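# I need the structure of the sequence given here:
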Amino acid sequence: MAKKSGSSIFVCSNCGNEFSTWSGKCLACGEWNTLKEMSSEISKLEAVSEKIVAKNLSDFKISSSSRIKTGYSEIDRVFGGGIVEGSVILLGGEPGVGKSTLLLQIVKEIPSTLYISGEESPEQLLMRAERLGVGTKNISVSETSDISGLEQAIIENRPKIIVIDSIQTVYNSQISGSAGSQVQVKESGLFLQQLAKKHKIPIIIIGHVTKEGIVAGPRMLEHLVDVVVYMEGERRSEARILRAVKNRFGTTDEIAVLRMGEKGIVEIKNPGALFLSESSGAAGSAVTVLLEGSRPLLVEIQALVTPTTFGYPRRTTSGFDLNRLNILIGIMTKRAGLNLGNQDIYVNVVGGITASEPATDLAVCLAIASSYKNKPLPGNVAYFAEVGLTGEIHRVMRAEKRKKEAENLGYKVRSNYKDIREAIEKDLS
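Numbers count the residues shown, from 1 in each chain. As a prediction, the model looks like this:
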């Protein structure tokens, strides 16, 4: 029998904690205005005691076929060698970045797929598949967004993988609340996790992201799943990056570099100079070597420095941390003697990639100095080093690997400066 409770609860959309009364601040995580009222009218089975049977961990065996290959070596590397049977994967990304396209191309290599789409009709899905040249004989599509009968469909069809597109548009009719509500997303995620473990079938869930860049819905959803990957990239750029932020079966240091084209997504095994623009070599442009996981990438840093027309100068970044930029500006003003206090400064990382490691400090400083002096830096030179608060230059990890990649693409490496003043004087004299 099932029993229902008709009271309301308040759930924090950030941490997922539940409270009986509303307050402006979540008492668990400290975030403000995150408590959402929900109906707790969820059907629950009465508790039945069941004996717990425990086995020694060494009694379990890992089969050689416990991972499913996607047909894309770059994507398999992000997943730790393939998709683990019984795992739940959450794929997040902005609208239009290519999440559904990527999954359609992945499942074409898998013998049997059950695709549940709450966003597209089967006809629309077929049109997308034909445009991408994806065979559809091994893909079964559900015509309903209700996942309450999913277990019966698994028993009847025995799919090798299940795709949910998306968690915000499907719902479980046995749970109260509309599709996309906090309680539906949370309970549906738990329902899918239990099915995946019980039947040893991997389930890939697409999730929309908020303006803050995290998957919409309760944060508990990310705790429920085994793997969380984000697909990044600007709509105006063809480049896409698949990045793992959580992976119970592998490292989170790896990325897959992809390209979006007319025929779908293509993996780039040697991205090299993908993120270099044709304008590199102009004043305000510097090349650095980022390390994304185990992969070095040459990226162009662009800076624009202009006299401010307002009382307070503007500082704007794209793909670079604004707080870090303000620190570097202070260092150059104090240690290199550049009068940047009355200048608007704009910094952009080409290709829609995010440069978050300290190794980009030197390139950012030199790009700003180059634009300020209106002098281009030496051609075919890459810079990577951390700049300290006293202006000193620090070496960064895996410098030899970065240097080798730069030299393979015809770039010289300069990072053996004493301080930032010496670097600016030598390369922009």
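# What is the strand or helix carrying residue 405 packed up against?
Element membership for residue 405 (DSSP states H and E) is helix 399-408. Applying 3 or more C-beta pairs under 8 Å, 6 or more residues apart in numbering; DSSP states H and E, we find helix 399-408 packed against strand 285-292, strand 295-307, strand 412-413. C-beta: built from backbone N, CA, C; applies to glycine.
# make it 10 Å
Using 3 or more C-beta pairs under 10 Å, 6 or more residues apart in numbering; DSSP states H and E, the elements in contact with helix 399-408 are strand 285-292, strand 295-307, strand 381-382, strand 412-413.
# now those in a markdown table, with mean neighbour count, distance to residue 51 and mean pLDDT?
Formatted as a markdown table, the helices and strands packed on helix 399-408 follow (neighbours: other C-beta atoms under 10 Å; distance: least, C-beta to C-beta, whole Å; pLDDT from 0 to 100):
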| stretch | mean neighbour count | distance to residue 51 | mean pLDDT |
| --- | --- | --- | --- |
| strand 285-292 | 24 | 48 | 92 |
| strand 295-307 | 21 | 49 | 93 |
| strand 381-382 | 21 | 63 | 94 |
| strand 412-413 | 16 | 64 | 93 |
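# Looking at these, spot the one closest to residue 338.
Residue 338 lies closest to strand 295-307 among the helices and strands packed on helix 399-408, at 9.2 Å (C-beta to C-beta).
# so what strands line up beside the helix or strand just after that closest one?
Counting by DSSP H and E, the next helix or strand C-terminal to strand 295-307 is strand 315-318. Partner strands and pairing direction for strand 315-318 (DSSP bridges) are strand 343-349 (parallel).
# Output the contacting helices and strands for the next helix or strand after the strand it pairs with.
Moving toward the C-terminus from strand 343-349, the next helix or strand (DSSP H and E) is helix 361-373. In terms of contacts (3+ C-beta pairs under 10 Å, 6+ apart), helix 361-373 is packed against strand 285-292, strand 295-307, helix 322-335, strand 343-349, strand 381-382, strand 386-387, strand 393-394, helix 420-427.
# Could you tell me the angle between helix 361-373 and helix 420-427?
60 degrees (axes from the mean of the first three to the mean of the last three C-alpha atoms, to 10 degrees).
# For the nearest residue to residue 248 once chain neighbours are set aside, give me the backbone phi and psi.
Distances taken as C-beta to C-beta, 6 or more residues apart in numbering put residue 226 closest to residue 248, at 4.6 Å, once the chain neighbours are dropped. Backbone torsions for residue 226, taken as degrees, to the nearest 10, come to phi -90, psi -30.
# For the helices and strands packed on helix 361-373, give me JSON lines that also has distance to residue 271.
Formatted as JSON lines, the helices and strands packed on helix 361-373 follow (distance: least, C-beta to C-beta, whole Å):
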{"stretch": "strand 285-292", "distance to residue 271": "9"}
{"stretch": "strand 295-307", "distance to residue 271": "6"}
{"stretch": "helix 322-335", "distance to residue 271": "24"}
{"stretch": "strand 343-349", "distance to residue 271": "15"}
{"stretch": "strand 381-382", "distance to residue 271": "15"}
{"stretch": "strand 386-387", "distance to residue 271": "23"}
{"stretch": "strand 393-394", "distance to residue 271": "26"}
{"stretch": "helix 420-427", "distance to residue 271": "26"}
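# Of all these, which one is nearest residue 404?
Using C-beta to C-beta, those put strand 295-307 closest to residue 404, at 7.9 Å.
# now the closest one, how far from the chain's geometric center?
21 Å (C-alpha atoms, centre = their mean, to the nearest Å).
# Which elements pack onto it?
strand 255-261, strand 285-292, strand 315-318, strand 343-349, helix 361-373, strand 381-382, helix 399-408.
# which residue sits closest to residue 164 in space, ignoring its chain neighbours?
In space, residue 164 is closest to residue 205, 4.5 Å off (C-beta to C-beta, 6+ apart).
# The one you found and residue 159, how far apart?
Separation of residue 205 from residue 159 (C-beta to C-beta, to the nearest Å): 15 Å.
# So which of those two has more stuff around it?
Taking other C-beta atoms under 10 Å, residue 205 and residue 159 do not tie; residue 205 has more neighbours (29 against 23).
# related to what we said a few turns ago, rebuild the helices and strands packed on helix 399-408 as JSON lines, extending it with distance to residue 276.
Listed next are the helices and strands packed on helix 399-408 as JSON lines, based on distance: least, C-beta to C-beta, whole Å:
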{"stretch": "strand 285-292", "distance to residue 276": "7"}
{"stretch": "strand 295-307", "distance to residue 276": "5"}
{"stretch": "strand 381-382", "distance to residue 276": "10"}
{"stretch": "strand 412-413", "distance to residue 276": "15"}
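# just so I know, which of these lies nearest residue 366?
The nearest among these, by C-beta to C-beta, is strand 285-292 at 4.8 Å.
# What confidence value was assigned to the closest residue to residue 427 other than its chain neighbours?
In this structure, residue 427 finds its nearest non-sequential neighbour in residue 377, 5.5 Å apart by C-beta to C-beta, 6+ apart. For residue 377, the pLDDT comes out at 94.
# Wait, residue 377 touches residue 302, no?
No - the criterion here is C-beta atoms under 10 Å, and residue 377 misses it with residue 302 at 11.8 Å.
# Need the overlap of contacts for the two.
Residues touching both residue 377 and residue 302 (C-beta atoms under 10 Å, 6 or more residues apart in numbering): 280, 282, 284, 285, 286, 367, 370.
# which one is residue 351 nearest to, not counting chain neighbours?
For residue 351, the closest residue by C-beta to C-beta, 6+ apart turns out to be residue 275, at 3.7 Å.
# helix/strand/coil for residue 379?
Counting by DSSP: H, G, I helix; E, B strand; the rest coil, the backbone at residue 379 sits in coil.
# which residues touch residue 197?
86, 87, 88, 203, 226.
# hmm, try it at 8 Å
Counting by C-beta atoms under 8 Å, 6 or more residues apart in numbering, residue 197 makes contact with residue 86.
# which stretch of helix or strand covers it?
Judged by DSSP H and E, residue 197 forms part of helix 182-199.
# can you tell me which residues contact the residue nearest to residue 401 when sequence neighbours are not counted?
Spatially, and ignoring its direct neighbours in sequence, residue 401 is nearest to residue 296 (5.7 Å; C-beta to C-beta, 6+ apart). Taking C-beta under 8 Å, 6+ apart, we find residue 296 in contact with 289, 290, 398, 401, 402, 404, 405, 406.
# so the closest residue to residue 360 other than its chain neighbours bridges to which residues?
Spatially, and ignoring its direct neighbours in sequence, residue 360 is nearest to residue 288 (5.0 Å; C-beta to C-beta, 6+ apart). Assessed by DSSP bridges, residue 288 has beta-bridge partners residue 299.
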